[in-house]
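*Asks:* Predicted model follows, preceded by the sequence.
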Amino acid sequence: MNKARIESFVALRTVLSKAMNEPNENVISQEARSSWVRLRTLVMLRWMTIAGQSAALWVAIKWLGMDIRVDLCATLIGFAVAFNIVATVVFPENRRLSAKAALLTLLFDLVQLALLLGLTGGLANPFAVLMLTPVVMAATALNLRATLILGLIATGLITLLLEYAMPLKTVEGEFLLMPVLLTYGTWVALISSVAFLAIYARKIMVEVFSMSQALAATQNALGREQRLTALGGVVAAAAHELGTPLATIMMVSSELADELENQTDLHDDALLIRDQAIRCRDILHEMGRSGKDDMLMQIAPISALVQEATEPHLDRGKRIIPRINGRINDGPGADHMLVARQSEIIHGLRNLIQNAVDFAATTVWIDISWDKAHLRVHVGDDGPGYPAHVIGRIGDPFMRKRGSIDQERPGYEGMGLGLFIAKTLLERTGAQLTFANGSEWEDESDTPPEEARPTGAIVEVVWDRSTLEVTLAQARAPLGENLHFDY
């Protein structure tokens with residue numbers, strides 16, 4: 001075995017080892033929504049606001065004949081203009097604001113608008129409704145703390161405008177006053193709108209953000225699974241290339257050991273060479289268990305996919321019982337349904353099995369069955385089952401807030417992203433998932449585990465057989481031209 005092949009094998013094994021032990025990046029971060037807002041976006045919106053304020057002031061003076069303190073109003077608008085000029089000159093065009101900087105910027109807009117309204121009638125000014133804008137922007141782009149701060153300040157400023165505002169007056173000296181009841185009604189409407197719109201906007205944005213981040217995590221999980229599958233194909237090819245040299249080494253070393261039986265040192269060296277060659281063969285076999293990247297390994301029995309999804313959880317102290325059409329797969333012809341081997345199916349089922357193993361008391365059952373129309377995989381356990389108050393929402397990301405405690409499943413912060421990833425990946429293959437609990441009234445104490453039914457959480461995965469099954473003729477089709485691997 002030449003030096004180049006040895007170095008190629010060592011490098012390949014290093015790459016595969018790193019991929020297998022690749023840390024699971026936490027894409028769901030508390031700070032993930034920071035630095036969303038671009039300063040240039042707020043500057044452009046402020047220019048629009050300045051134009052609107054200037055136009056409204058000009059119309060009120062020239063067309064409507066209102067007596068307004070133009071000097072003070074122009075000064076307030078000038079502050080906004082100066083803010084925009086400084087922000088444009090000092091900061092680069094692609095500058096994104098931190099949560100604190102965005103809060104201060106929106107606070108400036110809120111106070112500037114409140115002062116301008118105070119000079120132009122207060123709550124009697126129809127444009128008082130614009131006080132809601134900064135709060136809604138904070139609710140959609142900033143964290144809860146910043147939204148609460150801006151909402152409370154907006155509430156305080158609206159309350160001050162109720163009592164401390166210059167009334168609107170015409171050039172003839174006539175005051176335009178709202179009835180007291182209507183004034184207080186406007187105050188209540190604005191305060192209520194601040195709370196309602198902030199809660200509404202934040203609720204929608206949190207769900208959108210959670211879904212986008214969960215989909216990103218799903219894509220990362222699927223990408224990792226696909227990379228491992230591809231590496232398995234490369235390893236299998238390396239095992240094939242190194243198989244003949246290793247076999248030659250083992251054969252020659254065995255013959256040398258027989259001839260050098262009377263020379264202890266040389267005999268032991270020959271045996272050591274043979275043992276190390278055998279070890280290399282076993283390592284390659286173990287690393288290449290995922291199969292070759294050829295047409296044949298793209299088709300597999302459904303039980304093989306379930307077994308591959310189950311393997312990481314076999315040594316976790318729980319018994320996992322796979323059953324095919326209601327019985328253990330120990331008879332001839334027990335499994336004869338072939339399906340397309342897809343990373344989404346393996347990774348999705350692996351997440352479901354992991355969840356079952358996490359909460360099972362002793363046993364997890366995986367039931368595989370099919371009829372003329374559908375293929376079904378049930379994953380169930382004998383644990384406490386899903387909490388009744390969340391069973392209708394299982395499969396949505398982040399159902400439970402961090403730090404909350406489930407009395408039936410204490411200390412567990414999952415049942416959000418993991419099941420969402422499984423549900424999303426499996427649905428991409430055309431599956432439909434149903435989450436349920438086993439019957440609490442069934443007494444399985446006298447039933448052998450191989451024949452018992454799950455009493456805890458149950459997940460049913462159903463595919464249309466026509467979309468997933470591969471016929472025997474397709475499985476026996478020519479594999480195509482062999483591919484050449486360059487190292």
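*Replies:* The structure has been received and is ready for your questions.

*Asks:* Pull the contacting residues for residue 373.
*Replies:* By C-beta atoms under 8 Å, 6 or more residues apart in numbering, the contact set of residue 373 is 464-465. Backbone N, C-alpha and C define where each C-beta goes, glycine included.

*Asks:* Mind pulling up the pLDDT for it?
*Replies:* Looking at residue 373, its pLDDT stands at 90.

*Asks:* and the residue of the chain most remote from its centre, which of the three is it?
*Replies:* Outermost residue of the chain with respect to the C-alpha centroid, by C-alpha atoms, centre = their mean, is residue 262; its distance is 65.3 Å. Secondary structure for residue 262, judged by DSSP: H, G, I helix; E, B strand; the rest coil, is coil.

*Asks:* correct me, but residue 367 touches residue 356?
*Replies:* No - in this structure residue 367 lies outside contact range of residue 356 using C-beta atoms under 8 Å: 11.9 Å.

*Asks:* Need the overlap of contacts for the two.
*Replies:* Common neighbours of residue 367 and residue 356 are listed as residue 380 (criterion: C-beta under 8 Å, 6+ apart).

*Asks:* So those two - more neighbours on which side?
*Replies:* Neighbour totals were compared for residue 367 and residue 356, and residue 356 leads with 26 against 20 (other C-beta atoms under 10 Å).

*Asks:* Check which helix or strand that one maps to.
*Replies:* Element membership of residue 356 [criterion: DSSP states H and E] is helix 343-359.

*Asks:* Show the subsequent helix or strand relative to that helix.
*Replies:* Downstream of helix 343-359, the next assigned helix or strand under DSSP H and E is strand 363-370.

*Asks:* list the buried ones in that next one?
*Replies:* 363-368, 370 (16 or more other C-beta atoms under 10 Å).

*Asks:* ok, these vs residue 169, which is closest?
*Replies:* Closest approach to residue 169 among these (C-beta to C-beta): residue 364, at 78.6 Å.

*Asks:* so what's the closest one bridging to?
*Replies:* Residues in a beta bridge with residue 364, per DSSP bridges, are residue 320, residue 381.

*Asks:* One more: the one 10 residues further on?
*Replies:* When bridges are taken as DSSP bridges, the partners of residue 374 come out as residue 464.

*Asks:* Spit out the contact partners of it.
*Replies:* Neighbouring residues of residue 374 by C-beta under 8 Å, 6+ apart: 462-465.

*Asks:* Could you do residue 365 as well?
*Replies:* Applying C-beta under 8 Å, 6+ apart to residue 365 gives the contacts 321, 323, 378-381, 452-454.

*Asks:* Pick the one among these closest to residue 439.
*Replies:* Nearest to residue 439 among the contacts of residue 365, with distances taken as C-beta to C-beta, is residue 453, at 8.1 Å.

*Asks:* ok, that closest one touching residue 382?
*Replies:* No - using C-beta under 8 Å, residue 453 makes no contact with residue 382, being 9.4 Å away.

*Asks:* Which parts of this structure are helices?
*Replies:* 3-20, 39-62, 70-90, 99-119, 132-141, 144-163, 180-259, 264-287, 302-310, 343-359, 417-428, 465-468, 472-475 (DSSP state H).

*Asks:* just checking, what packs against the second one?
*Replies:* Here helix 39-62 is seen to pack against helix 70-90, helix 99-119 when contacts are counted using 3 or more C-beta pairs under 8 Å, 6 or more residues apart in numbering; DSSP states H and E.
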